[in-house]
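Asker: Prediction below, plus the sequence it came from.
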Amino acid sequence: MLKKSFFLVLLTTVSTLTFSQRKHGDFQRFSDRVFFGGSLGLAIGNRITQIDVLPQGGIWIFPQWSVGVGGRYTYRRERFNFDPSSTSIKPVTTTIWGYSGFTDILPIPDFNEAFGVKLHGGFVIHGEFENLYLDRKFFDITSTQGMGWIRMYMVGGGWRQRIGDRAAVNFLVLWDLTDNRYSPYTSNPILRFSITF
């Protein structure tokens, strides 16, 4: 009940903050077309500790289409039991570096502008390629290869909620089309939350 109440208050607050916004795509200067943002991640558990930093920047080509680039740094510590006859668990750490290119299409950028509904958000279609430099043995112990680059292609969609003239919160569900066995993502689809301004 408390979670539902918190979500309702958050949604009402975000919707109220957006009433005074200018129209989406109202680019008066070149700097209005440029955006920055990204996301941070933290996972702490009995077996895994992971810290993610994913900065991004881009430009609106048209009011409903943007392209951009991003970076990635991940620190991951995982505890493995390499010997089935032993109960000892040994921690192993790795880091992942990489870069990405992405594009976003907003078929309906703002429901209030399109339909008169008091909801200042809209659907987003997302496509991305990501190149990551990582230790392949960490994600597949049968691999004979060590450090190297892997490439992944992801597509998906989600919701982009405006929270100001330039700022937005993005909720995305992405599918890894390559389904690479060395992928650092533990599930497919991948859930992503980011903020841009």
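Answerer: Structure's in. What do you need?

Asker: The residue nearest to residue 38 when sequence neighbours are not counted - how many residues pack around it?
Answerer: Leaving aside its sequence neighbours, residue 38 sits nearest to residue 55 (CB to CB, 6 or more residues apart in numbering; 4.1 Å). The way it works is simple: take the backbone N, C-alpha and C, and place the C-beta from them, glycine included. Number of residues near residue 55 (other CB atoms under 10 Å) recorded here: 15.

Asker: cool, and residue 151?
Answerer: 11.

Asker: same deal with residue 53?
Answerer: 13.

Asker: and it, what are its bridge partners?
Answerer: residue 40, residue 73 (DSSP bridges).

Asker: circling back to that earlier point, pull the contacting residues for the residue nearest to residue 38.
Answerer: The contact partners of residue 55, taken as CB atoms under 8 Å, 6 or more residues apart in numbering, are 36-38, 70-71.

Asker: go again using 10 Å as the cut-off
Answerer: Counting by CB atoms under 10 Å, 6 or more residues apart in numbering, residue 55 makes contact with 36-40, 69-73, 194.

Asker: out of the residues you listed, who's nearest residue 143?
Answerer: residue 72 (20.8 Å; CB to CB).

Asker: Quick check: closest non-adjacent residue to the closest one.
Answerer: Closest to residue 72 by CB to CB, 6+ apart is residue 98, at 4.3 Å.
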